[in-house]
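J.: sequence plus predicted model, see below.
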Amino acid sequence: MLADVVRVPVPEALEPRSIQRVLLAFDGSPGAWNALERAIEVAVGQHALLTIAGVVGEPTVWTGFGPGALPFTREMLRHDLEREMQQHLAMARDEVPAAVSVDTRVLHGRPASVLAALAESGNYDLVVAGPRPAGRLRRLFGRSVTHALLTRSAASVLAVKA
């Protein structure tokens, strides 16, 4: 009776999907460095393109003494934040083996929004993100970037624990 069994080939859609493009959300924190290690492992194993993206938010200026002249401008702060992010991205890029194609991007805006938009526009298969330390403000004001990416991105999201 077993000889009568007909083998049906598995359609390509049911075969495991390979990862061709990996997006790493990187901010230079210890959790981001752990996420970088995992993103590199995936990129090496899948022969995938790795994009390391850092987001520079709008600088906020708080003064407790009322109006007054400050020794810096919002543009100076924005420039300093961008330069710091470029340094973080350069250090991260230096950790990637030569066998992996890597690209770095500095984005501007709200991290969850701009990273989700990049994931969609760049046709990334996987977004890798690390944890942020849970602080009182994070608990008060809501979700993490990783959680927002899970809800906003069509790409798979790998959340790496510290």
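T.: Structure received. Numbers count the residues shown, from 1 in each chain.

J.: the chain: helices as residue ranges?
T.: 30-46, 74-95, 111-121, 136-141, 145-152 (DSSP state H).

J.: same list (those) but as JSON lines, adding mean neighbour count, mean pLDDT and distance to residue 161.
T.: The way it works is simple: take the backbone N, C-alpha and C, and place the C-beta from them, glycine included. JSON lines is the format used below for the helices of the chain (neighbours: other Cβ atoms under 10 Å; pLDDT from 0 to 100; distance: least, Cβ to Cβ, whole Å):
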{"stretch": "helix 30-46", "mean neighbour count": "19", "mean pLDDT": "95", "distance to residue 161": "7"}
{"stretch": "helix 74-95", "mean neighbour count": "14", "mean pLDDT": "92", "distance to residue 161": "19"}
{"stretch": "helix 111-121", "mean neighbour count": "19", "mean pLDDT": "92", "distance to residue 161": "19"}
{"stretch": "helix 136-141", "mean neighbour count": "8", "mean pLDDT": "45", "distance to residue 161": "16"}
{"stretch": "helix 145-152", "mean neighbour count": "18", "mean pLDDT": "82", "distance to residue 161": "10"}
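
J.: got TSV for these, with distance to residue 58 too?
T.: Below are the helices of the chain laid out as TSV (distance: least, Cβ to Cβ, whole Å):
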stretch	distance to residue 58
helix 30-46	20
helix 74-95	7
helix 111-121	12
helix 136-141	16
helix 145-152	16
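
J.: and the gap between residue 88 and residue 106?
T.: Distance, residue 88 to residue 106, using Cβ to Cβ, to the nearest Å: 10 Å.

J.: bridge partners for the residue nearest the centre of the chain, pull those for me.
T.: Central residue of the chain (Cα atoms, centre = their mean): residue 25, 1.5 Å from the mean position. Bridge pairing for residue 25 (DSSP bridges) gives the partners residue 53, residue 129.

J.: residue contacts, it?
T.: Residue 25 makes contacts with 32, 35, 53, 55, 111, 115, 127-130, 145-146, 149, as judged by Cβ atoms under 8 Å, 6 or more residues apart in numbering.

J.: any chance of TSV for the residues you listed, columns distance to residue 80?
T.: Shown next, in TSV, are these (distance: Cβ to Cβ, whole Å):
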residue	distance to residue 80
32	19
35	24
53	19
55	15
111	18
115	22
127	27
128	27
129	24
130	23
145	22
146	26
149	27
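
J.: overlap in contacts of residue 88 and residue 106?
T.: With Cβ under 8 Å, 6+ apart as the test, residue 88 and residue 106 both reach residue 54.
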